[in-house]
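**Student:** Here's my sequence, what's the structure:
(chains A and B)
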Amino acid sequence: MNRLFLLIIIFSVLIIGCNSEEFEIHELGGNLIESSTVVTMLDTFTVTSSTVIRDSVQTSSLGSVSVGRYVDDYLGSIKATSYSKVDLGATFSLETTDKARLDSIVLVAYSTGIFWGDTTQMQTINVHRVTDHIEINSDTLAYFNTYSLNIDPEVLGTKTFVARPKRKTEVNSGVYHDFRIRLNDELGQQILDSALVNDGILSDATRWEEYLEGIALVPGENDNASVLNFQTDSMNIRLYYRTVGNSSGGSIESHRDFKISKTLSFTNYQADRSNSNQLGTNLSGLVESEIDIPSEQTNNLAFIQGGTGIYTKLKFPYLELLNQQGDAVSLLKAELLLYPEEGTDQKELFPLNKLNFELYQTDRLNRLVSQVVNSRNSQITSIYYIDYENPEDTPLTFDLTTYVSNVLVNGMDEDDGLLVKLTDQYNNAFVNRMVVNNDPNSSLKIKLRTTYAVQK
Amino acid sequence: MQCKNNKLFSVSMKNLYFTILLVLVSGVHVSFAQNNTSSPYSRYGLGELEQVGVGRASGFGGASLSYRNKSYLSIDNPAALAAIDSLKFIFNVGASSKISKLNQSGDSDVLYDNNIRRISLGFRISPEVSTAVSLMPYSSVGYNISTLERVNGSVDFYERILSGSGGLNQFVISNGVAITDKLSLGVNAVYLFGNNTSNETITLSSTYNYTVEELISKGIYGNVGLQYKDNFFKGWDVTVGAKFQPKIQVAAEKKESVTNSSSGTIIDDNTLSKGSFDVPMTYGFGLGFSKNERLWIGADYLHEQWSGTKILKEATDLVDRDRFSLGMEYDANDGYARKFLKKMTYRMGAFYDSGYIKVDGIAIDSYGVSLGLGIPMAQQKGMLNIGVEFGSSGSLSSNLIREDYTRITIDFNLFETWFVKRKYQ
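**Tutor:** Model prediction:
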């Protein structure tokens, strides 16, 4: 009898264990079962847009600085000036017996390969001495886009040139070609003399600061060319000199580099949007961060620009009505689509391809309240990839599923909106700009495309 | 142990403990919570109804209304309980394994389902009255269907997974009473419980929407049966069986919840309605002829009036079910058999079932033939009953599904002699 019960137990376990079908999905019979949900896409929500400005774009410690001036069709003139501290480095001294003679003193810089604007135009960079103290301390944690320093009006060196920001040392090399501006020999001679007499300027950092705090790279006042971007890691002031050798009698070429400080380099961006000829009219009022300039006042356009701190603000006034589309509205997908205004992406001059954007929740005061995140709670960013086959139809897209779901569940405030900006650090501190179309009559206006399920 | 003196009783108690242990160990309750089937038709009505005929009846087409046997615990006709052996405690556990091939417009799919069919315990409590308790499925829901569909107003596609699970179970207390030598009556009191669950998952990108709809029931219904047996002709007996069940409302409620993964919240969690569903008015007749307790031939007609039934106040579009079955059993053992094949019982049968659902105007009917074998265990401990049914249900027209299946049912029919004093072991 016990054996029999054992048999039954084994048998029962087998029976229960063998149902494989729970993990399999089959296609047959789909027509026989009425589904309880309907899935619909809706992209006709009103999205209102405006342009706002923020003045706290950090431009220091980024690894690069920008210099140049150009006049944008939409955003007026943009002028980028860089300020950099020049580090002394180790003590520099020379023996009088070396009979050192100055050869030249130059600013050596290397491009990052990034630029914005027309590089076929002549442009000028003037090097000036910074007279203000450059320091990051507990009061000044970083330097921002609107910050500027006093400079000595005397020009230490100047160069007028046609920029070749993508030029490399060799065709397939990763190393950019150097960019040089010769500085006044007077500056070089003073440094060389100090090194020979060993007067302490070149051994004491404080005295060196008093002598040369830093340099500013200032673009030509009326240039309309390109804004260039230089690596701060490799930028330096290089002193070339010759010494007489002890035995042979021939001269030996030497140089000494004074490196640019990476953390104490920043870019100041100045914009003049008052020109009445510019296409983005009415942006001259963009002076305070609390001001919204609706797209309706700017030819149904909205703007995003990095270094000048221009963001596009979006609002979805009727979004909560999605809940009234049916019974138990369940959002499956929400996508925000922003189309650049036709012709504003110019591959050569104003390349939008691969620019990286992000979203922030904002309020009535246009503050960056919090990052917009996805379902894994990480920040949503979107890289704009242009389909050059069909450039007009390529939108910048953001997955807003989590954001919209939260709005549907928790509701939203009338003042709640989103800010679209370039991502921090690099892009946001340069002058890249996107002009967004939001013409209510255009099929390429800003869209919020939602896909949702409702119960039948 | 306190009852050591009462050996008579403790032996059977021991077996009872075994039985309880068996139920727990094998996780039968798990299996009952999840009645297994793989038919999209199980979405309709109350699910795929449990096969008619338990145990040995699954070897002869379920034509059991007029069948009676001293070791057979009938659920279909409780009056048959009056015939069980007065000295035996009878235990039944049965399970089935079904291999089905679903065919639809040129495509096919093979599915496997295993199920506990029933657990029954029964014995005679007085010379006239026998009783049995049974746990078995009433209906099963099971399907898993995935389709790719287009979003309304968009070029995007989403995946829709429809799945059903669960089913209704019944706990049946059966009593059979011998009114006279010829006439016996029976009554089943049934507690019907379980969940019919239908799920729908919509997936787009990485977001899904999950809808669960549950029909939860807990209610009581019952039916009565009758058997009348008399001499017929030259050693042949005739048995007439009948069954009646009134239309009864079983308490039920319907719940729905909708969950969305992107907000991580339950959007909707409602009891849609509370009320009842109808178990249909049912009647059936059976006629059987038997000779020398070894040969039996029978036929049944069963009618279930599903039309007009309601599920939670909503009229169903179910249709009346008619089931015709024919069966026979032959016990090859004349009492002196030595060869194994001569000790066995052979069964066969056939049925036609019109079904209780109609899809697009087409009845989802089924028909099949069955073969059965009863293998006696040593020392009269019981019988292992194996039934094999080859059947087909549904239709290929109107893009419907036809299911061709083979179902093997194994039922252990165990006896423990109760009221005889045993030797010490």
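
**Student:** what's the distance between residue B:312 and residue A:36?
**Tutor:** Spatial separation of residue B:312 from residue A:36 under the definition Cβ to Cβ, to the nearest Å is 15 Å. Where C-beta positions appear, they are placed from N, C-alpha and C, glycine not excepted.

**Student:** between these two, who's got more neighbours?
**Tutor:** residue A:36 (21 against 15; other Cβ atoms under 10 Å in any protein chain shown).

**Student:** Would you mind confirming that that one makes contact with residue B:43?
**Tutor:** No. Applying Cβ atoms under 8 Å, one finds residue A:36 not in contact with residue B:43, separated by 10.9 Å.

**Student:** Quickly list what's touching both of these two.
**Tutor:** Taking Cβ atoms under 8 Å, 6 or more residues apart in numbering or on different chains as the contact criterion, the residues that touch both residue A:36 and residue B:43 are residue B:198.

**Student:** What is the neighbour count of residue B:266?
**Tutor:** Applying the criterion other Cβ under 10 Å, we find 13 residues in the vicinity of residue B:266.

**Student:** Please export the C-alpha coordinates of the host helix or strand of it as PDB.
**Tutor:** With elements delineated by DSSP states H and E, residue B:266 resides in strand B:265-279, which encompasses its position. The C-alpha trace of strand B:265-279 is given here as PDB (Å, rounded to 0.1, in the frame of the first residue of the first chain):
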ATOM      1  CA  THR B 265       1.100  52.600 -10.700                       C
ATOM      2  CA  ILE B 266      -2.200  50.800 -10.800                       C
ATOM      3  CA  ILE B 267      -4.300  53.100 -12.900                       C
ATOM      4  CA  ASP B 268      -7.500  51.300 -12.300                       C
ATOM      5  CA  ASP B 269      -8.500  48.700  -9.700                       C
ATOM      6  CA  ASN B 270     -12.200  48.100  -9.600                       C
ATOM      7  CA  THR B 271     -14.800  45.600  -8.700                       C
ATOM      8  CA  LEU B 272     -16.800  46.000 -11.900                       C
ATOM      9  CA  SER B 273     -19.800  44.200 -10.600                       C
ATOM     10  CA  LYS B 274     -20.900  41.900  -7.900                       C
ATOM     11  CA  GLY B 275     -23.700  39.400  -8.200                       C
ATOM     12  CA  SER B 276     -23.900  35.900  -9.600                       C
ATOM     13  CA  PHE B 277     -23.800  33.800 -12.600                       C
ATOM     14  CA  ASP B 278     -26.100  31.000 -13.600                       C
ATOM     15  CA  VAL B 279     -25.400  27.300 -13.500                       C
END
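
**Student:** Could you give me the buried positions within that strand?
**Tutor:** With burial defined by 16 or more other Cβ atoms under 10 Å in any protein chain shown, the residues of strand B:265-279 counted as buried are B:265, B:267-268, B:276-279.

**Student:** which residues are in contact with it?
**Tutor:** The list of residues contacting strand B:265-279 from outside it, by Cβ under 8 Å, 6+ apart, reads A:327-330, A:409, A:455, B:46, B:192, B:213, B:215, B:217, B:219, B:221, B:245, B:247-260, B:309-313.

**Student:** Do you have the strands of the stretch 301-425 of chain B handy? List them.
**Tutor:** Chain-ordered strands for the stretch 301-425 of chain B, with DSSP state E, counting those that start in this stretch as the definition, fall at B:310-311, B:314-315, B:321-331, B:345-353, B:358-359, B:362-363, B:366-376, B:382-394, B:402-417.

**Student:** what's the closest of the ones you listed to residue A:40?
**Tutor:** Checking these against residue A:40 by Cβ to Cβ gives strand B:314-315 as the closest, at 26.0 Å.

**Student:** Pull up the pairing partners for the closest one, direction included.
**Tutor:** Sheet pairing here is set by DSSP bridges, and for strand B:314-315 it gives strand B:310-311 (antiparallel).

**Student:** In terms of mean pLDDT, which of the strands of the stretch 301-425 of chain B ranks lowest?
**Tutor:** Ranked by mean pLDDT, the strands of the stretch 301-425 of chain B end with strand B:314-315 at the bottom, a mean of 83.

**Student:** Whichever residue of the stretch 101-250 of chain A sits closest to chain B: neighbouring residues, count only.
**Tutor:** For the stretch 101-250 of chain A, the residue positioned closest to chain B under Cβ to the nearest Cβ is residue A:114, at a distance of 33.0 Å. Burial of residue A:114, expressed as a neighbour count using other Cβ under 10 Å, amounts to 19.

**Student:** can I assume it is in contact with residue A:229?
**Tutor:** Yes. Contact between residue A:114 and residue A:229 holds when scored by Cβ under 8 Å: they sit 4.3 Å apart.

**Student:** Can you give the distance from the strand holding residue B:266 to the centre of its chain?
**Tutor:** Relative to the mean C-alpha coordinate of its chain, strand B:265-279 is positioned 27 Å out (Cα atoms, centre = their mean, to the nearest Å).

**Student:** Now the element after that strand, going C-ward?
**Tutor:** Sequence-wise, the next helix or strand downstream of strand B:265-279 (DSSP H and E) is strand B:281-291.

**Student:** Go through that following strand and flag the buried ones.
**Tutor:** Neighbour counts using 16+ other Cβ under 10 Å place B:281-282, B:284-290 of strand B:281-291 among the buried residues.

**Student:** And stretch A:282-300, by the same measure?
**Tutor:** A:282-283, A:286, A:289, A:292-293, A:295, A:297-300.

**Student:** Adding distance to residue A:251 and pLDDT, write those residues out as JSON lines.
**Tutor:** Written out in JSON lines, the entries for the buried residues of stretch A:282-300 read as follows (distance: Cβ to Cβ, whole Å; pLDDT from 0 to 100):
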{"residue": "A:282", "distance to residue A:251": "64", "pLDDT": "74"}
{"residue": "A:283", "distance to residue A:251": "58", "pLDDT": "82"}
{"residue": "A:286", "distance to residue A:251": "58", "pLDDT": "82"}
{"residue": "A:289", "distance to residue A:251": "59", "pLDDT": "85"}
{"residue": "A:292", "distance to residue A:251": "66", "pLDDT": "91"}
{"residue": "A:293", "distance to residue A:251": "63", "pLDDT": "92"}
{"residue": "A:295", "distance to residue A:251": "66", "pLDDT": "93"}
{"residue": "A:297", "distance to residue A:251": "67", "pLDDT": "90"}
{"residue": "A:298", "distance to residue A:251": "63", "pLDDT": "89"}
{"residue": "A:299", "distance to residue A:251": "65", "pLDDT": "89"}
{"residue": "A:300", "distance to residue A:251": "68", "pLDDT": "92"}
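
**Student:** near chain B too, which of those?
**Tutor:** The overlap between the buried residues of stretch A:282-300 and the neighbourhood of chain B (criterion: Cβ under 8 Å from any Cβ of the partner chain) is empty.

**Student:** Looking at the residues you listed, which are in strands?
**Tutor:** Cross-referencing the buried residues of stretch A:282-300 with the strands (criterion: DSSP state E) gives residue A:293 as the overlap.

**Student:** burial count for residue B:182?
**Tutor:** By the criterion of other Cβ under 10 Å, residue B:182 has 13 neighbours.
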